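In: The sequence and its predicted three-dimensional model are supplied below.
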Amino acid sequence: MYYIGIDIGGMSIKGGLVTENGELVLKQSIVTRPTANEDVIIDDIHKLICSLLENKGLHEYQLSGVGIGVPGTVDGEKGRVRFTPNINFKNTPLVEKLSARFQYKFPIRISNDANCAALGEAVWGGGGGVSDSITVTLGTGVGTGFYISGKLFEGVGGAGTEGGHIVIKTGGEKCGCGRRGCWEAYAAAPALIRQVEAAIAKNPDSVLAEIAKEEGDVTGKTVFEAVEKGCPVAAKVLKKYVSYVGDGLVNLVNIFRPKVIIMGGGVSMAGDALIKPLQRYVSLHSFASKYSPKTKIVQAKLGNDAGIMGAATLTMNK
Ligand SMILES: [Zn+2]
């Protein structure tokens, strides 16, 4: 059986042909036309789907379903895109209009793009298909996606979740959302960079400062490089950062008791240097951890394909 996942982005629309076993057999992408009207964009999506089928020698009657991840708010039940900031979709009946362009009828479903990425990781990536997992992305912000009791949790109206804005320090750092002390203000990549820069200002002779000077810039990787070289200043920054990320994770663990937490986003590319101390922190601090099922912290596996894989999974009953 073949499914197609479409991942709509501000720059490109990516599509993938996926089997029921989660094998991504073909990938293609087209340029997004942000100023075009909705019918032109839906035509583009239709052509992308046809092209994927053609290139694999398939006909549309052999397609079991199409899922689409949209960067905005959607009404999944009605198949409607309410709003998306980068593309001309406003109250667009995307499912109805796309379906009308095909001769054969197959299920078409839409969801928020972050939800799709979480679904992809939960079923085919780091989650390995366990019934309860949470995907957390540490990037420009902190994103969350919940796969609970074997089902993607989409929130009322498919609005998705904003776990990055749970408060971990009342009255703390200012967050982009307007509140103070949000998890994101401590755990996102820009927050880590700020923490590293503050440590460098205080310790200008440290290995951490040297590395930043050599590279001409502080990035999400700098602290990990310095820790690897045995820098005690960097080790202290990382320990504090792990506690920030860890406190948010513990909050999620205490509410949802997931089997797995999947860490994605640029900062998580550090791999074991981040995942292992996070695992220790969560195992130590989550409620009655000694007597409760353990939550495993793992790295995301699908990278940029998570959105396509998750979208394709929307019509798979997973
Ligand atoms: Zn916030």
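Out: Received it, and whenever you're ready, just let me know what you need.

In: who's in contact with Gly139?
Out: For Gly139, the contact set (CB atoms under 8 Å, 6 or more residues apart in numbering) comprises 188-189, 264-267. Yep, even glycine has a C-beta here, placed from its N, CA and C like the rest.

In: OK, contacts around the closest residue to it other than its chain neighbours?
Out: Nearest residue to Gly139 in three dimensions, chain neighbours excluded: Gly265, at 3.7 Å (CB to CB, 6 or more residues apart in numbering). Each residue near Gly265 by CB under 8 Å, 6+ apart is listed here: 136-139, 143, 189, 300.

In: Now list the buried members of the residues you listed.
Out: Burial by neighbour count, judged by 16 or more other CB atoms under 10 Å, picks out 136-139, 143, 189, 300 from the contacts of Gly265.

In: Closest one to the ion out of the residues you listed, please.
Out: Closest approach between the buried ones among the contacts of Gly265 and the ion, by CB to the ion: Gly143, at 12.1 Å.

In: and that closest one, what pLDDT?
Out: Looking at Gly143, its pLDDT stands at 91.

In: close enough to count as contact, it and Gly163?
Out: Yes: if you go by CB atoms under 8 Å, Gly143 and Gly163 touch, sitting 7.5 Å apart.

In: Are there residues contacting both of these two? Which ones?
Out: Residues touching both Gly143 and Gly163 by CB under 8 Å, 6+ apart: Val136.

In: picking up where we left off before, now, the contacts of Gly265 that are in helices?
Out: Cross-referencing the contacts of Gly265 against helices under DSSP state H gives Ala189.

In: Check the contacts of Gly265 and tell me the two furthest apart.
Out: Within those, Ala189 and Ala300 form the most distant pair, 14.8 Å apart (CB to CB).

In: which residue ranges form the helices in the chain?
Out: Secondary structure of the chain by DSSP H: the helices cover 38-55, 94-99, 113-124, 184-187, 189-202, 207-215, 222-228, 232-256, 272-285, 306-313.

In: Now do the last one and helix 113-124, the angle between them.
Out: An angle of 80 degrees separates the directions of helix 306-313 and helix 113-124 when computed by axes from the mean of the first three to the mean of the last three CA atoms, to 10 degrees.

In: what mean pLDDT does helix 306-313 have?
Out: 97.

In: May I have it exported as CSV, CA atoms only?
Out: What follows is helix 306-313, C-alpha atoms only, in CSV (Å, rounded to 0.1, in the frame of the first residue of the first chain):
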residue,chain,number,x,y,z
ALA,A,306,9.8,13.8,9.9
GLY,A,307,7.1,16.1,8.4
ILE,A,308,6.6,14.1,5.2
MET,A,309,6.5,10.8,7.2
GLY,A,310,4.1,12.1,9.7
ALA,A,311,1.8,13.6,7.1
ALA,A,312,1.7,10.3,5.2
THR,A,313,0.8,8.6,8.5
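
In: could I get the contacts of Gly265 as a markdown table with distance to the ion?
Out: A markdown table is the format used below for the contacts of Gly265 (distance: CB to the ion, whole Å):
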| residue | distance to the ion |
| --- | --- |
| Val136 | 15 |
| Thr137 | 15 |
| Leu138 | 15 |
| Gly139 | 15 |
| Gly143 | 12 |
| Ala189 | 15 |
| Ala300 | 22 |
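
In: mind listing what the residue of the stretch 201-318 of the chain found nearest the ion touches?
Out: In the stretch 201-318 of the chain, the residue that lies nearest the ion is Gly248 (11.7 Å; CB to the ion). Contacts of Gly248 were listed using CB under 8 Å, 6+ apart, and they are 136, 142, 163, 166, 168, 183, 187.

In: near the ion, which residues of the stretch 101-250 of the chain show up?
Out: With CB under 5 Å from the ion as the criterion, the stretch 101-250 of the chain meets the ion at residues 165, 175, 177, 179, 182.
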